[in-house]
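Participant: Prediction below, plus the sequence it came from.
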Amino acid sequence: MPILGAHMSIAGGYFHAVEAAHRSGFETVQLFTKSNNQWRAKPLSEQDIQAFQESLKRTGVVHPVAHNSYLINLASPDDTLWNKSIDAMVVEVERAGMLGIQDVVAHPGAHMGTGEEAGISRIAAGLDEVHRRTAGQPVFIDLESTAGQGSCLGHKLDHLQGIIERVAAPERLGVCLDTCHLFAAGYPISSAERYAELMTDLERTVGVGRVRVWHLNDSLKPCGSRVDRHAGLGRGLMGLEPFRMVLNDSRFAHLPMILETPKGTDGDEDLDSINLRILRQLSEIAPVPKPARRRVKDHRE
């Protein structure tokens, strides 16, 4: 069975995120290790760390994932913001390491008008500095595929490949694939044939083995819109077939798959519980046979 989870709030303590995931029936959890919209972070205490690790043991929740702050932009051409982003990314890696979290999901960054190549080189240089300052930390930075709003990089798998090829320590990088972002970026993944094309493109660029986390989100905006608007499963424009194919792909069976869908209730039922039930049902449906490989068209065509 897939390792399913959701992003949970750390209000009241990191262990609360773990316990909330467990109460909802999830096996894994994603969380921020600090406020996602502030630069500064309160230092982690031994009590914070101990309570978090004990909650993992008590609940059986595995493979916790961290997500970095939305303020960080390693592609920024502004030296002040770039250096501030490096400092903040170092803190993200260090905090994850202290909590025993192995994966920090990170949006690559926005080039702010300097162009894709300049932005990719800037990100790689920033990651090299982060890696230098966090040497010895057993933490992966997982570059997330993006919808491509504005000048955000990562809406093409080639962007992620370019970053990985430029860094000095590519073994410290992973990839996080987000279904909503892939769809909004122009990867349809709406049929077995389209999914096979995505997997071929993935293998051509970063490699299937580089994927360490999935984000399972429906999209409120159409394919190719490059607008990032998450929806609950079956409440957007993607349909359920993409999620069934990801869940039943044996290459990803050991990976954490995280919901970043809207919170709240539908009647008397929690939306996380509804989405989890859908995922459980889809994971029990056998996958269709893979079609023969064919030439993969660029998703922009």
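Facilitator: It's in. Numbers count the residues shown, from 1 in each chain.
Participant: Give the buried residues for stretch 16-25.
Facilitator: Applying a neighbour-count criterion of 16 or more other C-beta atoms under 10 Å, one finds 16-22, 24 buried in stretch 16-25. In short, each C-beta sits where N, CA and C put it, glycine included.
Participant: Quick check: of those residues, which lies closest to A96?
Facilitator: Closest approach between the buried residues of stretch 16-25 and A96, by C-beta to C-beta: A17, at 13.4 Å.
Participant: measure the residue nearest to the spatial centre of the chain to L255 for me?
Facilitator: In the chain, the residue lying closest to the centroid (C-alpha atoms, centre = their mean) is C176, at 4.0 Å. Applying C-beta to C-beta, to the nearest Å, the value for C176 to L255 is 10 Å.
Participant: which neighbours do those two share?
Facilitator: 211-214 (C-beta atoms under 8 Å, 6 or more residues apart in numbering).
Participant: re earlier: now the buried residues of stretch 16-25 in a markdown table, with distance to D201, pLDDT and secondary structure?
Facilitator: Shown next, in a markdown table, are the buried residues of stretch 16-25 (distance: C-beta to C-beta, whole Å; pLDDT from 0 to 100; DSSP: H, G, I helix; E, B strand; the rest coil):
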| residue | distance to D201 | pLDDT | secondary structure |
| --- | --- | --- | --- |
| H16 | 39 | 98 | helix |
| A17 | 34 | 98 | helix |
| V18 | 35 | 98 | helix |
| E19 | 39 | 98 | helix |
| A20 | 36 | 97 | helix |
| A21 | 32 | 98 | helix |
| H22 | 36 | 98 | helix |
| S24 | 33 | 96 | coil |
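Participant: Would you convert those residues into JSON lines that also reports distance to V91?
Facilitator: Shown next, in JSON lines, are the buried residues of stretch 16-25 (distance: C-beta to C-beta, whole Å):
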{"residue": "H16", "distance to V91": "21"}
{"residue": "A17", "distance to V91": "19"}
{"residue": "V18", "distance to V91": "21"}
{"residue": "E19", "distance to V91": "25"}
{"residue": "A20", "distance to V91": "24"}
{"residue": "A21", "distance to V91": "24"}
{"residue": "H22", "distance to V91": "27"}
{"residue": "S24", "distance to V91": "29"}
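Participant: Out of these, which comes closest to W39?
Facilitator: A17 (21.4 Å).
Participant: Burial check on D270, number of neighbours?
Facilitator: Residues lying near D270 (other C-beta atoms under 10 Å) number 14.
Participant: If we ignore the residues flanking it in sequence, what's nearest it?
Facilitator: S24 (6.8 Å; C-beta to C-beta, 6 or more residues apart in numbering).
Participant: which ones are touching the one you found?
Facilitator: Shown in contact with S24 (C-beta under 8 Å, 6+ apart): 6, 270, 272-273, 276.
Participant: List the buried residues for stretch 66-76?
Facilitator: Buried-residue list, stretch 66-76, by 16+ other C-beta under 10 Å: 66-69, 72-76.
Participant: Show me which of those is closest to R244.
Facilitator: For the buried residues of stretch 66-76, the nearest to R244 is H67 (25.0 Å; C-beta to C-beta).
Participant: need the contact list for the closest one.
Facilitator: H67 is in contact with 7, 30-32, 36, 104-106, counting by C-beta under 8 Å, 6+ apart.
Participant: which SSE is the closest residue to it other than its chain neighbours in?
Facilitator: Nearest non-adjacent residue to H67, counting by C-beta to C-beta, 6+ apart: V105, 4.8 Å away. Under the criterion of DSSP states H and E, V105 resides in strand 103-106.
Participant: From the chain's centroid, how far away is that strand?
Facilitator: Centre-to-centre, strand 103-106 and its host chain are 7 Å apart (C-alpha atoms, centre = their mean, to the nearest Å).
Participant: Next secondary structure after that strand?
Facilitator: Next along from strand 103-106, by DSSP H and E: strand 109-110.
Participant: hmm, who's touching the longest helix along the chain?
Facilitator: Taking DSSP state H as the criterion, the chain has its longest helix at helix 79-99. If you take C-beta under 8 Å, 6+ apart as the criterion, helix 79-99 is touched by 14, 33-34, 39, 41, 44, 48-49, 52-53, 64, 66, 68-69, 71-74, 76, 102-104, 106, 109, 122, 126-127, 129-130, 133-134, 137-139, 141.
Participant: Okay, and which of the residues you listed map to helices?
Facilitator: If you go by DSSP H, the contacts of helix 79-99 have 14, 48-49, 52-53, 122, 126-127, 129-130, 133 in helices.
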